[in-house]
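[1] what follows is a protein structure lacking sequence information:
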């Protein structure tokens with residue numbers, strides 16, 4: 001007499017299908033969150049540079065924090081820049097900066 005499938009194998013396959021479906025559902029729900037963390041850019045003129053606080057204030061009135069290893073060479077009030085930043089914990093953190101000629 002031939003037995004088609006063991007009950008354990010069928011149960012494992014069913015459990016795996018549920019697990020995979022749950023993982024895919026979670027990934028699809030959380031994927032838009034990744035889009036919110038993407039870099040944004042703004043073109044503006046530097047209003048103030050604060051090396052001690054590691055920040056720049058632009059003529060848009062907003063302050064942008066920079067990393068410790070940031071190079072402030074050539075950045076003074078009146079210089080036009082394009083700032084690429086990400087909002088982290090309510091702070092605009094500079095990812096990249098380009099001086100506009």
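    The structure has been received and is ready for your questions. Computed from a predicted structure; not experimentally measured. Numbering: from 1, shown residues only.
[2] do a quick rundown of the strands in this structure.
    For the chain, the strands defined by DSSP state E occupy 40-50, 55-58, 63-65, 80-88, 91-99.
[3] which of the ones you listed is buried the deepest?
    Most buried of those, by mean neighbour count (mean count of other C-beta atoms under 10 Å): strand 55-58, with a mean of 20. C-betas here are computed from N, CA, C, even on glycine.
[4] who does it touch, helix- and strand-wise?
    strand 40-50, strand 63-65, strand 80-88 (3 or more C-beta pairs under 8 Å, 6 or more residues apart in numbering; DSSP states H and E).
[5] neighbouring contacts of it?
    42, 44-50, 63-66, 75, 81, 83, 94 (C-beta atoms under 8 Å, 6 or more residues apart in numbering).
[6] for stretch 68-84, same thing?
    Outside stretch 68-84, the residues touching it (C-beta under 8 Å, 6+ apart) are 39-49, 51, 54, 56, 58, 64, 94-100.
[7] circling back to that earlier point, how about CSV for the strands of the chain, with distance to residue 19 and mean pLDDT added?
    Shown next, in CSV, are the strands of the chain (distance: least, C-beta to C-beta, whole Å; pLDDT from 0 to 100):
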stretch, distance to residue 19, mean pLDDT
strand 40-50, 37, 95
strand 55-58, 46, 96
strand 63-65, 41, 96
strand 80-88, 33, 93
strand 91-99, 36, 92
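[8] for residue 22, which of these is the nearest?
    Counting by C-beta to C-beta, residue 22 lies closest to strand 80-88 out of the strands of the chain; the figure is 29.6 Å.
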